[in-house]
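Visitor: Predicted coordinates and the sequence they were generated for:
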Amino acid sequence: MLPENLHENKIAAAVEAFDSSALVTAKFDRGELTLEIARDKIVSVCRFLKEQQQFVRLSTVTGVDWYPTEPRFEVVYHLHSTERNDRVRLKCRLAGNDAEIDSVTGVWRSANWFERETFDLFGVRFRNHPDLRRIMLPDDWEGHPLRKDYPVTGDRV
Amino acid sequence: MSDTVIPPPPVEDENTSVKPRSLTLNMGPQHPSTHGVLRLLMELDGETIIKCQPDIGYLHTGIEKEFEVKTYQQGVTLTDRIDYLAPLSNNLCYCLAVEKLLGLDIPPLAQWTRVMLTELTRLNSHLVWLGTHAIDIGAMSVFLYCFREREDILRIFEMYSGQRMMTSYFRIGGLALEPPRGWQQRVRTFIDAFPSKVDEYENLLTNNRIWIGRTRGIGWMSMEDMLDLGVTGPMLRAAGLKWDARKDQPYTSYEKFDFEVPTRTEGDVYARYLVRIEEMRQSARIVKQALEGMPGGRWTADAPHVVLPDREKMKTQMEALIYHFKIVTEGFRVPAGEVYQVIESPRGEVGYYVVSDGTAHPYRVHIRAPSFANLQATPKMVEGTLIADVIASIGSMDFVLGDCDR
């Protein structure tokens, strides 16, 4: 659902018109637009934004862990359009016991490493990713360091 | 980082005519031309690369995790250590992001000094790139010329902050210290002479037949591929896209400066070289404008709860002493929210995504590192080309592995 104050916003309105069930909520804060997208719709919304709203660049993909609140994970996408000279942030919330989302590598090839990094450091799995391996840490590393229940200091037992 | 084991070469049997068809070559992680610890796993057919797989992570230091236990101001020191050739660009981007969360207004003197020093950082970074890139391809002497000028820039940084590389000179709310006495003279001496130094580098390389032979038509990529693979910065501009955050989404009063964004259309190693050379000339222009139009006034924002008070005030005013104690022991609280701040670093688009939960420590800091994104395009760039051109191709990307692995 699009909040009242964002009906004037072209990008938010376009996504709402494209698929109103995909848009969970939206906010405009400090000059930045954030759209929260339903988890199953992320690929179709990304494809729409890329192909029909000129968001040709995926700037970055990352995660935020809100442990111990549920749904625990946020996967955050920053999109950029050089033509419109504008940016938009997409967000999906994932539960801790079901941290899986469709990969957007089919839309932007650059998502490949960004998603691998998010998988490596948060343990969020990306479905249909062509090569979902750790990228920063060794293959036999246990745990995902950027999770909030992963200690900053101390020895590994 | 991966533990991929290189398969042993197939055993040749004299009785059969089956010969090994491809050879797997492991370049790095300890290789002088990878400028750090990058490992490239390449599959070769004769001298042609048929598959290339970059392997990174050898320099992963968990900087993003470490942000979460530091106060906001302490985080500035971490940003220095990400990209050791452009520490001030990273300082700036992080400070801008937190200042956006806080809603701080930065006085003109601090803004102009920030512009001037980040442009000197760009010169510093491009000089190291040019010197090492040339040495990789075999032009030894350019390196010596570049490091001569780089030394002057590092001395300017030292004059400002007391440090040559890890300056931490930009702080949330302005600058760490008042600009030092006599900086105008030092910067003027350097910047007046610099354009003629760029001519010297060009004399050595631009029309050099060997240089052109090694770089023209090498490492070509189309603009569409680059956009899709997340490549930014001089590489993208060398393929024809005129996008520069300094011009298109200006920050820190870049809109008040007069400069051009150089572009080429060839998209090869030589075009990237020409773009960076021209960027050096433009950066010199910006530094000169900043030098001549430098406004006066304070170097920190009027925000006593964020900026440390003057030493003098601390000794005479109770309030200043309390603020000092609070800022040093607890840090300052930042209103809850999230921002994504982007700047144009020497390597491309640096982005800081800072999430605050209203406490004195960042809840999450994500760094969109240009080296990481650019490096992803390596396979696309080198597959199908000759092994001898790999060094020129990856050299032209100008990545810093510290920036890539964070």
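Guide: Sure, I can see it. All values reported here derive from a predicted model rather than from experimental measurement.
Visitor: what residues are up against the residue of chain A found nearest chain B?
Guide: Here chain A gets closest to chain B at one residue, residue A:110, 3.1 Å apart by CB to the nearest CB. Quick note: C-beta positions are derived from backbone N, CA and C, even for glycine. Residue A:110 is in contact with A:57-58, B:228-230, B:373, B:376, counting by CB atoms under 8 Å, 6 or more residues apart in numbering or on different chains.
Visitor: and it, what are its phi and psi?
Guide: The phi and psi values for residue A:110, taken as degrees, to the nearest 10, are phi -70, psi -20.
Visitor: now residue B:292
Guide: phi -80, psi -30.
Visitor: Count the neighbours of it for me.
Guide: By the measure other CB atoms under 10 Å in any protein chain shown, the count of residues near residue B:292 is 9.
Visitor: Okay, it and residue B:180: tell me how far apart.
Guide: Shown here: residue B:292 relative to residue B:180, a distance of 18 Å by CB to CB, to the nearest Å.
Visitor: what's the answer for residue B:223, then?
Guide: Separation of residue B:223 from residue B:180 (CB to CB): 43 Å.
Visitor: Compare the two (neighbour count), which wins?
Guide: A direct count of neighbours by other CB under 10 Å for residue B:223 and residue B:180 places residue B:223 higher, at 16 against 13.
Visitor: And the pLDDT for that one?
Guide: Note on residue B:223: pLDDT of 88.
Visitor: how many neighbours does residue A:70 have?
Guide: A count of nearby residues for residue A:70, using other CB under 10 Å, gives 12.
Visitor: Could you measure from residue B:334 over to chain A?
Guide: Counting by CB to the nearest CB, to the nearest Å, the gap from residue B:334 to chain A is 12 Å.
Visitor: ok, now which ones touch that residue?
Guide: By CB under 8 Å, 6+ apart, the contact set of residue B:334 is B:72, B:98, B:101-102, B:356, B:358-360, B:362.
Visitor: Disregarding residues adjacent in the polypeptide, which is nearest to it?
Guide: In space, and not counting its chain neighbours, residue B:334 is closest to residue B:356: 4.5 Å by CB to CB, 6 or more residues apart in numbering or on different chains.
Visitor: Could I get the contacting residues of residue 44?
Guide: Went with chain A since none was named. The neighbours of residue A:44, taking CB under 8 Å, 6+ apart as the test, are A:19, A:22.
Visitor: Chain B, not that one
Guide: Shown in contact with residue B:44 (CB under 8 Å, 6+ apart): B:22-25, B:50, B:387.
Visitor: pLDDT wise, what is it at?
Guide: At residue B:44, the pLDDT value in this model is 88.
Visitor: buried residues in the strand or helix carrying residue B:212?
Guide: Applying DSSP states H and E as the criterion places residue B:212 in helix B:209-215. Buried residues in helix B:209-215, counting neighbours by 16 or more other CB atoms under 10 Å in any protein chain shown, are found at B:211, B:214-215.
Visitor: Contacts only, for the closest residue to residue B:182 other than its chain neighbours.
Guide: The shortest distance from residue B:182 to any non-neighbouring residue, by CB to CB, 6+ apart, is to residue B:159 (7.9 Å). Residues in contact with residue B:159 (CB under 8 Å, 6+ apart) are B:180, B:182-183, B:186.
Visitor: so where do the strands sit in the stretch 301-406 of chain B?
Guide: Secondary structure of the stretch 301-406 of chain B (DSSP state E, counting those that start in this stretch): strands at B:337-345, B:348-356, B:364-368.
Visitor: just so I know, which of those lies nearest residue B:78?
Guide: strand B:364-368 (8.5 Å; CB to CB).
Visitor: Any part of that closest one near chain A?
Guide: Yes - residues of strand B:364-368 contacting chain A under CB under 8 Å from any CB of the partner chain: B:364, B:366, B:368.
Visitor: All the helices of chain A, in order from the start?
Guide: Taking DSSP state H as the criterion, chain A carries its helices at A:10-18, A:42-52, A:111-122.
Visitor: returning to that earlier point: got JSON lines for the residues of strand B:364-368 next to chain A, with pLDDT and neighbour count too?
Guide: Shown next, in JSON lines, are these (pLDDT from 0 to 100; neighbours: other CB atoms under 10 Å in any protein chain shown):
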{"residue": "B:364", "pLDDT": "92", "neighbour count": "23"}
{"residue": "B:366", "pLDDT": "93", "neighbour count": "25"}
{"residue": "B:368", "pLDDT": "92", "neighbour count": "24"}
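Visitor: Just give me the closest of the buried residues of helix B:209-215 to chain A.
Guide: For these, the closest approach to chain A (CB to the nearest CB) belongs to residue B:215, at 25.3 Å.
Visitor: What about the residue in chain B that chain A sits nearest to, how many residues nearby?
Guide: Closest to chain A within chain B is residue B:230: 3.1 Å, counting by CB to the nearest CB. For residue B:230, the count of nearby residues is 29 (other CB under 10 Å).
Visitor: pLDDT at it, what is it?
Guide: For residue B:230, the model assigns a pLDDT of 89.
Visitor: for it, what are its contacts?
Guide: By CB under 8 Å, 6+ apart, the contact set of residue B:230 is A:57-59, A:108, A:110, A:114, B:373-374, B:376-377.
Visitor: so where do the strands sit in the chain?
Guide: In the absence of a named chain, chain A is used. With strands called from DSSP state E, chain A shows them at A:23-29, A:32-37, A:57-65, A:73-81, A:86-94, A:100-102, A:125-127.
Visitor: nope, chain B
Guide: Residue ranges of the strands in chain B, as given by DSSP E, are B:23-27, B:39-45, B:48-55, B:170-171, B:174-175, B:337-345, B:348-356, B:364-368.
Visitor: Would you tell me which of those gets closest to residue B:329?
Guide: Using CB to CB, the strands of chain B put strand B:170-171 closest to residue B:329, at 17.2 Å.
Visitor: That closest one - what's its average pLDDT?
Guide: Averaged across strand B:170-171, pLDDT comes to 92.
Visitor: where in the chain is pLDDT low?
Guide: Since you didn't name a chain, this refers to chain A. Applying pLDDT under 70 to chain A flags the ranges A:155-157.
Visitor: Not quite, go with chain B.
Guide: Applying pLDDT under 70 to chain B picks out residues B:1-20.
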